[in-house]
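Q: Whatever this is, show me its structure:
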Amino acid sequence: MASRYRYVTPVDPARATGLVARVYAQIDRDFPTSRPPTMLTLSPAPRVLAAAWALLRESLFAGDAPRLGKEAVAGGVSLANRCPFCVDAHSMLVHGLGDRRLAEAIARDEIPDDPGHARLVAWGKATRTPSALPQAPFPAAHAPEYLGTALAFHFINRIVSALLTPDVLPGNAQRSAVVRAAAGRALSRAIRRRVEPGASLPLLAGSPQVPAWAGRSPVGIAFAALRAEAGDVGDLLSAGTRAVIRDSVAFWDGDHPSFGSSWLDAPLWAAAEEDVPAARIVLLTALAPYRLTDSDVAAWRAASPGRDADLVRLVAFGALTAVEHVEAGLTRAPSAA
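A: All right, here's what the predicted structure looks like:
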């Protein structure tokens, strides 16, 4: 099982207890494939796992908005974030929903034939740079699910790119269109299963403040829980360093950072000296998670106890910091029709 995971060892489903066991049980019921590594990699930090699962479930799997439309948005976000694992996974799920043309357009980063799907993919891509976001191509009633899906995948893309290898299937077999289609057909019944909204909410702790854009949707409760759990890094970073990181991401324009690491110099210079290895992981996760290296993680482990749970929390904090920046842009963008 460990071969897919770069830096953490997930909780073995056969030995899971408590909250992790409860989340795993719901994933087994509601996720199209068993034991998805995108969720298992968060299991060393159970409350982060529960909140991330809840947001994914309530935005993409549950609700009334068309599933194909939400998959188009998720695919667009994943393309913009350069997350090949998630791009391939969504193309297979769309195959399972019966739309081969949309599936292959996502896989190949092409414009879908269907104008509605094309607008949704383009909108998903544009959420990385919400200052240029077009009017939302979905009805206002479905906004919580579409916005929640976009934000969920801005978070998940970063977790995946930082902590997983890019292989969805052994040997990267999903790069073949034939394999993608076959995998989608095998998942078809599970993908089409009705998922009851709100069933993940009992897994969450507390009653965090729900964002206005979510209305009364369960998506809002799930997003607020993720914001609370992923935003809590405790003593892993000082308050001053957290402020430096947030300020740095606040000026991010959505572009992928230039090659090299000179763009990290200024914020790392401003961080507390003892925080630099952890701050580097957080900033990389927020802005370029695919550039997190073995040496980055090794330097952090050498400077701290280096527990898997702490690494997950740092990566989650970086992902959330980027997500909050994207969310702020989305709420300023043109509203849904």
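Q: Can you check what pLDDT the model gives Gln174?
A: In this model, Gln174 is scored at 68, pLDDT.
Q: How about Ala190?
A: According to the prediction, Ala190 has pLDDT 81.
Q: Can you give me the buried ones in the lowest-mean-pLDDT helix or strand in the chain?
A: The weakest-scoring helix or strand in the chain, judged by mean pLDDT, DSSP states H and E, is helix 177-191 (a mean of 80). Going by neighbour count (16 or more other CB atoms under 10 Å), the buried part of helix 177-191 is 179-181, 183-184, 187, 191. Every C-beta, even on glycine, is put in place using the N, C-alpha and C of the backbone.
Q: Which of the residues in the lengthiest helix in the chain are classified as buried?
A: For the chain, the longest helix by residue count, based on DSSP state H, is helix 308-332. Across helix 308-332, burial judged by 16+ other CB under 10 Å covers 308, 310-327, 329-330.
Q: same question, stretch 270-283
A: 271, 275-283.
Q: Next: stretch 63-75.
A: When neighbours are counted by 16+ other CB under 10 Å, the buried residues of stretch 63-75 are found to be 63, 65-75.
Q: could I get those as CSV with secondary structure?
A: Below are the buried residues of stretch 63-75 laid out as CSV (DSSP: H, G, I helix; E, B strand; the rest coil):
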residue, secondary structure
Gly63, coil
Ala65, coil
Pro66, coil
Arg67, helix
Leu68, helix
Gly69, helix
Lys70, helix
Glu71, helix
Ala72, helix
Val73, helix
Ala74, helix
Gly75, helix
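Q: can you list the domain ranges for the protein.
A: 2-225, 234-332 (automatic domain parsing).
Q: Highest mean neighbour count out of those?
A: Of all the domains of the chain, domain 2-225 has the most neighbours on average by mean count of other CB atoms under 10 Å, namely a mean of 20.
Q: pLDDT weak spots in this protein?
A: Within the chain, the stretches with pLDDT under 70 are 1-2, 34, 168-174, 333-337.
Q: Centroid-nearest residue for it?
A: The geometric centre of the chain, computed from its C-alpha atoms, lies nearest to Ile156 (CA atoms, centre = their mean), at 1.5 Å.
Q: Quick one: residues contacting that one.
A: Taking CB atoms under 8 Å, 6 or more residues apart in numbering as the criterion, Ile156 is in contact with 38, 52, 56, 86.
Q: And those, which is closest to Leu287?
A: Using CB to CB, Cys86 comes nearest to Leu287 of the contacts of Ile156, at 17.1 Å.
Q: For that closest one, which non-adjacent residue is spatially closest?
A: Spatial nearest neighbour of Cys86, chain neighbours left out: Ser78 (3.8 Å); criterion: CB to CB, 6 or more residues apart in numbering.
Q: quick check, the one you found in a strand?
A: No. Under three-state DSSP, Ser78 falls outside any strand and is assigned helix.
Q: wouldn't it be in contact with Val87 here?
A: Yes. Using CB atoms under 8 Å, Ser78 is in contact with Val87, at 4.7 Å.
Q: got the contact list for Arg242?
A: Contact partners of Arg242, counting by CB under 8 Å, 6+ apart, are Val233.
Q: any idea which element it lies in?
A: helix 239-250 (DSSP states H and E).
Q: Now secondary structure and distance to Glu145 too, for the buried residues of stretch 270-283, in JSON lines please.
A: Below are those laid out as JSON lines (DSSP: H, G, I helix; E, B strand; the rest coil; distance: CB to CB, whole Å):
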{"residue": "Ala271", "secondary structure": "coil", "distance to Glu145": "37"}
{"residue": "Asp275", "secondary structure": "helix", "distance to Glu145": "37"}
{"residue": "Val276", "secondary structure": "helix", "distance to Glu145": "40"}
{"residue": "Pro277", "secondary structure": "helix", "distance to Glu145": "38"}
{"residue": "Ala278", "secondary structure": "helix", "distance to Glu145": "34"}
{"residue": "Ala279", "secondary structure": "helix", "distance to Glu145": "34"}
{"residue": "Arg280", "secondary structure": "helix", "distance to Glu145": "35"}
{"residue": "Ile281", "secondary structure": "helix", "distance to Glu145": "31"}
{"residue": "Val282", "secondary structure": "helix", "distance to Glu145": "29"}
{"residue": "Leu283", "secondary structure": "helix", "distance to Glu145": "30"}
